[in-house]
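# predicted model and sequence follow; I will ask about them next.
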Amino acid sequence: MTAQEIFDVLKAKFGDALPEEKLSAAGGSAAAGFSLQVWITIAPGRTKEICSFLRDDSEMQFDTLSCLSGVDYNNGTFGVVYHLSSMVQKHKIVLKAFCTKEHPHIQSVSSVWGTANWHEREVFDLFGVIIDEHPDLRRILLPDDWEGNPLRKDYKVQEFYHGMKVPY
Amino acid sequence: MEFIQTLLANQLVVSILLSALPLVFIILMVLVVLYTEMKVAAHIQDRVAYMRTGWHGVLQPIADMLKLLQKEDIIPTKADKLLFRAAPFIAFTGTYVAYAVLPFSSIYIGSNINLGAFFLVAAGSLVVIGILMAGWASNNKWSLFGGVRSAAQMISYEIPTALAVIIAVMITGSLNLQEVTKFQDGGIGNWLVFGGPLPWMQKLMLMPFTVITFFILFVASIAEVNRTPFDLPEAESELVQGFNTEYSGMRFAMFYLSEYANLFTVSAVVVSLFLGGWSSPFGAFMSGPVWGVFWFTSKAFLFILIQIWIRWTLPRLRVDQLMYVSWKVLTPWLFVCIFAVGLILVI
Amino acid sequence: MIQPPTLPTNYTVKPGQIKTSTGKTIRTEEMIINMGPQHPSTHGVLRLEIVVDGEIIVDCIPHIGYLHRCFEKHCEQMTNYQQVIPYADRMDYCSAMTNEWAFALAAERLLKIEVPERVEYIRVIMAELQRIASHLIAVGTYGIDSGAFTPFLYTFIDREKILDLFEMTCGARLLYNYIWIGGLSHDLPPKFIEQTKEFVAYFRPRVKMLNDLLSYNEIFVKRTANVGVLPREVAINYAVSGPQLRGSGVNWDLRRDDPFVIDHKLDWQPQVGKGEVGTVGDCWDRHIVRMREMEQSLNMIEQALAGLPEGNVKAAIPKRIRPEKDAEIYVRTEASRGELGYYIISDGTASPFRVKARGPAFVNLSVLPEIVRGGLIADLVLTAGSIDIVLGEVDR
């Protein structure tokens, strides 16, 4: 299935869970067919529902979550980007969920794909985006008592960590 | 001169001297085995090992030993100090005591007691206590695992060892190791592994069972000294050296010494029970008390070589597989052998 | 062949459950042990917190991050895309060539540039050589995990020969900085092709020897068969990739299924675990998939060498790389350990706005707790070894 078809199916089924009216694209227009990447924007509170559908529907069968990345867009918005692919149908799609810096909450999809567990912990660790309904939301790469979320664009490194000077 | 003569006449001094003899032997033997092990391992693995200390690195084991002795003796703060200190010595004592009954030659045996074979099996178990103590006293969970594994393993493999010894004793009719060896004297055909010096009919019937017993005793002896494929107590990749993780310096050297001395002991047991001990394979040719020492040690060294070869070739077994081998393979086969050997001897 | 005794799965003992013959209950307790960060068989600074009952593992919690070097943050601070390549090398230091290739590919797609065909062929040759080198480490250290020390040294002898080839190509033996955005740093040296052919001829019998020494060793088979079984569904759900996924019986290889290079023009087939000695997806399957992939890579190298076209090794790219504003791309490649993906967002400047590295080892490791429960500590060592993690990539 093409991205447009997937978008149409999702729009018909979930409607208001897809804030954007059409497929979004980077590096060119989606319709012209030479864009680098197209994506579907989904509501941050309904990711689990939509992802479950994408995984289980017989036409979609997105059995693999290739990659889950957090992004700080440096305009008060955080995003979580889901790169899905299907081994059976051999198609791919990109989903994005956005949240604001003031209310950084996104629903977890780790019950849909096991691999999301560690990726979401990483997003929580490096961006401070709180993943709701996550079974084990702890820092993963940094120490538990580290201050701040390093991949935020406004991150300032802490002065001391356990008496050790941090900035060099 | 007179003083020395009176000294040598003193029974106590003589026995002290005689009992110190194995200690000298152990230290020399360990140096040789260390060197052999490193060189054999290296050549198996396509490298050359030590080449710089002396000719082809022959002095390296001595350097290693000296280095180990100079190291600081570290005792963990929360360790059980007394047990921690005592463990290496108990382990070494267990090994050393066994040397008392090894018949090195027709005229030299530390203590020619009538229960020699029994004593060997018993003394071997003493090492377990040392290792278990070391594992427990270190106050380290990995060490504890090593100690517990070691105890389980040694107790399990005592049984095949003891049963195999029983078979040798059944055929020779004596627990005295010197007697057992004398029984096999007179050439390669008289060795117990080939059925002993019995009438040919009986010998032929015994042979399959003695060969099996010999093989089982050999496998069990590798397990007794915790070497690959049975090196679970110190499994480097699992338990980080197991029971001797926390040991350093002199105390670690004691464990090391005890391990290698034990290697010789178990090989010596196999040799004196099944391969004619000090007796020459060519009957009267090249036999005598001095040749006896030569034959005894070289046969034992052959087994050490095989153990080294196995160590650097095979992977390690798992705990349950180890127990499986002992209880479900070796022990039942030995019962079969005991039954068959008894039947043949009665006939 | 005798089957190893089956261990109880989902084995748990609660305190006070064991009863003696006299009817008394004994207080038992599970023990928590730290395996790592300094442990010989965690392949780096991985820390596993394991809850054991005796030697049986009740639970296993991996703690990572001891080698976190802020790769992604570093990328954002670079003044040039090209500067990221040496950092990408250091992610999976056992397989640096495939890492830099993945990043270069992502940047090329972002810039929408095509590289000359000769570059593609050379990249395939390098990546497959790197794959062999990386699998050799995996197989050798797996031997050590199982208690056999000798295969490790044999594999390192062979790996040295590959590193010699790399050294004559780009001067470095571990971290190459050879594959650049838009091409290669320079062309192959004169004797490279014949020496690679010599290596291929030399290495074929060595694979067989390693198989005889380790893979089909009776003890090794007993240790690894039916251990750490990763079922197909779990593997896919956890997005496990590379030899670990194929070991679970999934016929999926990005070189064929999501072609990013000329690999699909060559004649080869992904190697899949079939459960020959145990269950599909056990440790032995993962091991044997690696062994067979090495042979497969030899075939691919031979074909690529035969078809190597003449030409330039650098595409015409601007000196200062500035992708379009708000362009973004996710490119996934089949690295030695599995799917290595880079997600790059550009903001129109010369430095990337966001780089996310999706390392295969990170994802493959996350499935570990699922498959070790109920096994022994010795099984955990072998299972963790068969995943073949490189902590540089797990922690980035």
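Now that the structure is in, tell me what you want to look at. None of these values were measured; they are calculated from a predicted model.

# mind jotting down where the helices sit in the stretch 1-150 of chain C?
With DSSP state H, counting those that start in this stretch, the ranges of helices along the stretch 1-150 of chain C come out as C:71-77, C:84-89, C:96-111, C:117-145, C:150-170.

# closest one to B:Ile167 among those helices?
helix C:150-170 (34.4 Å; CB to CB). No exception for glycine: its C-beta is placed from N, CA and C like everyone else's.

# how about the closest one: buried residues?
Applying a neighbour-count criterion of 16 or more other CB atoms under 10 Å in any protein chain shown, one finds C:150-156, C:158-159, C:161-163, C:165-166, C:169-170 buried in helix C:150-170.

# which one of the residues you listed is nearest B:Ser221?
For those, the minimum distance to B:Ser221 (CB to CB) is 22.2 Å, reached by C:Thr150.

# quick revisit: can you redo the helices of the stretch 1-150 of chain C as JSON lines with mean pLDDT?
JSON lines is the format used below for these (pLDDT from 0 to 100):
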{"stretch": "helix C:71-77", "mean pLDDT": "86"}
{"stretch": "helix C:84-89", "mean pLDDT": "87"}
{"stretch": "helix C:96-111", "mean pLDDT": "87"}
{"stretch": "helix C:117-145", "mean pLDDT": "89"}
{"stretch": "helix C:150-170", "mean pLDDT": "90"}
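
# nearest to C:Gly247, out of these?
helix C:117-145 (11.8 Å).

# for the closest one, name the packing helices and strands.
helix C:96-111, helix C:150-170, strand C:183-184, helix C:192-210, helix C:283-306, helix C:377-387 (3 or more CB pairs under 8 Å, 6 or more residues apart in numbering or on different chains; DSSP states H and E).

# tell me which of those lies nearest to chain A.
Of all the helices and strands packed on helix C:117-145, the one in closest proximity to chain A, counting by CB to the nearest CB, is helix C:96-111 (6.8 Å).

# give the other helices and strands that that closest one contacts.
Applying 3+ CB pairs under 8 Å, 6+ apart, one finds that helix C:96-111 makes contact with helix C:84-89, helix C:117-145, strand C:179-180, strand C:325-335, strand C:338-347.

# could the ones you listed be laid out in TSV, adding mean neighbour count?
As requested, the helices and strands packed on helix C:96-111 are arranged in TSV below (neighbours: other CB atoms under 10 Å in any protein chain shown):
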stretch	mean neighbour count
helix C:84-89	23
helix C:117-145	25
strand C:179-180	26
strand C:325-335	22
strand C:338-347	26
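
# for chain A, which residue gets nearest to chain B?
The nearest approach of chain A to chain B comes at A:His162, 22.6 Å away (CB to the nearest CB).

# now the one residue sitting closest to the centre of chain C: closest residue in space that isn't a chain neighbour?
Nearest residue to the geometric centre of chain C (CA atoms, centre = their mean): C:Arg337, 1.9 Å. Of all residues not flanking C:Arg337 in the chain, C:Pro360 sits nearest, at 4.2 Å (CB to CB, 6 or more residues apart in numbering or on different chains).

# and for B:Leu232?
With sequence-adjacent residues excluded and distances taken as CB to CB, 6+ apart, B:Leu232 is closest to B:Arg149, at 4.8 Å.

# what do you get for C:Met126?
Closest to C:Met126 by CB to CB, 6+ apart is C:Met97, at 4.9 Å.

# next SSE downstream of the lowest-mean-pLDDT helix or strand in chain A?
Per-element confidence for chain A was summarised using mean pLDDT, DSSP states H and E. The lowest value among helices and strands belongs to strand A:24-26, with a mean of 69. Secondary structure here is assigned by DSSP states H and E; on that basis, the next helix or strand after strand A:24-26 toward the C-terminus is strand A:37-42.

# model confidence over that following strand, on average?
Regarding strand A:37-42, the rounded mean pLDDT is 82.

# and the closest residue to C:Gly147 other than its chain neighbours, how far is that from B:Phe230?
Closest residue in space to C:Gly147, ignoring its immediate chain neighbours: B:Arg316 at 2.7 Å, by CB to CB, 6+ apart. As judged by CB to CB, to the nearest Å, B:Arg316 and B:Phe230 stand 8 Å apart.

# looking at those two, which is more packed in?
B:Phe230 (27 against 24; other CB atoms under 10 Å in any protein chain shown).

# ok so, going back, for the residue nearest to B:Leu232, pull up the helix or strand it's in.
Assessed by DSSP H and E, B:Arg149 sits inside helix B:141-172.

# quick one, that helix and helix C:377-387 angle?
Using axes from the mean of the first three to the mean of the last three CA atoms, to 10 degrees, the direction of helix B:141-172 lies 120 degrees away from that of helix C:377-387.

# from the contact counts, what lies against helix B:141-172?
For helix B:141-172, the packing partners by 3+ CB pairs under 8 Å, 6+ apart are helix B:116-137, helix B:177-184, helix B:200-224, helix B:236-239, helix B:249-274, helix B:319-323, helix B:331-346, strand C:31-35.

# thinking again about what came up before, is it true that the residue nearest to C:Met126 touches C:Ile125?
No: here C:Met97 lies out of contact with C:Ile125, judged by CB atoms under 8 Å, at a distance of 9.9 Å.

# tell me which of the helices and strands packed on helix B:141-172 lies nearest to A:Glu20.
Evaluated with CB to CB, these place strand C:31-35 nearest to A:Glu20, the distance being 47.2 Å.

# can you give me the buried ones in the closest one?
Of the residues in strand C:31-35, those buried under the neighbour-count criterion (16+ other CB under 10 Å) are C:Ile33, C:Met35.

# check stretch B:9-23 too.
Neighbour-count burial for stretch B:9-23, counted by 16+ other CB under 10 Å, picks out B:Pro22.

# again, but for stretch A:58-68
In stretch A:58-68, residues buried by neighbour count (16+ other CB under 10 Å) are A:Met60, A:Gln61, A:Phe62, A:Asp63, A:Thr64, A:Leu65, A:Ser66, A:Cys67, A:Leu68.

# strands - which of those residues land there?
With strands identified by DSSP state E, the entries of these that belong to them are A:Thr64, A:Leu65, A:Ser66, A:Cys67, A:Leu68.

# contact partners for the nearest residue to C:Gly273 once chain neighbours are set aside?
Excluding the flanking residues, the one nearest C:Gly273 by CB to CB, 6+ apart is C:Asp285, at 3.0 Å. Shown in contact with C:Asp285 (CB atoms under 8 Å, 6 or more residues apart in numbering or on different chains): C:Gly247, C:Ser248, C:Gly249, C:Gly273, C:Lys274, C:Gly275, C:Glu276, C:Gly278.

# wait, A:Lys165 sits on A:Val157?
No: between A:Lys165 and A:Val157 there is no contact under CB under 8 Å: 10.3 Å.

# what about chain A, any weak spots by pLDDT?
Low-confidence segments of chain A (pLDDT under 70): A:25-36.

# surely C:Arg280 is in a strand?
No, residue C:280 isn't Arg; it's Val. No: under the criterion used here (DSSP: H, G, I helix; E, B strand; the rest coil), C:Val280 is coil, not part of a strand.

# from chain B, how far out is it?
Taken as CB to the nearest CB, to the nearest Å, the spacing of C:Val280 relative to chain B amounts to 21 Å.

# could you find the closest non-adjacent residue to the closest residue to chain C within the stretch 51-200 of chain B?
Proximity to chain C, evaluated over the stretch 51-200 of chain B using CB to the nearest CB, is greatest for B:Lys141 at 5.1 Å. On the basis of CB to CB, 6+ apart, the spatially nearest residue to B:Lys141 that is not a chain neighbour turns out to be C:Ile33, at 5.1 Å.
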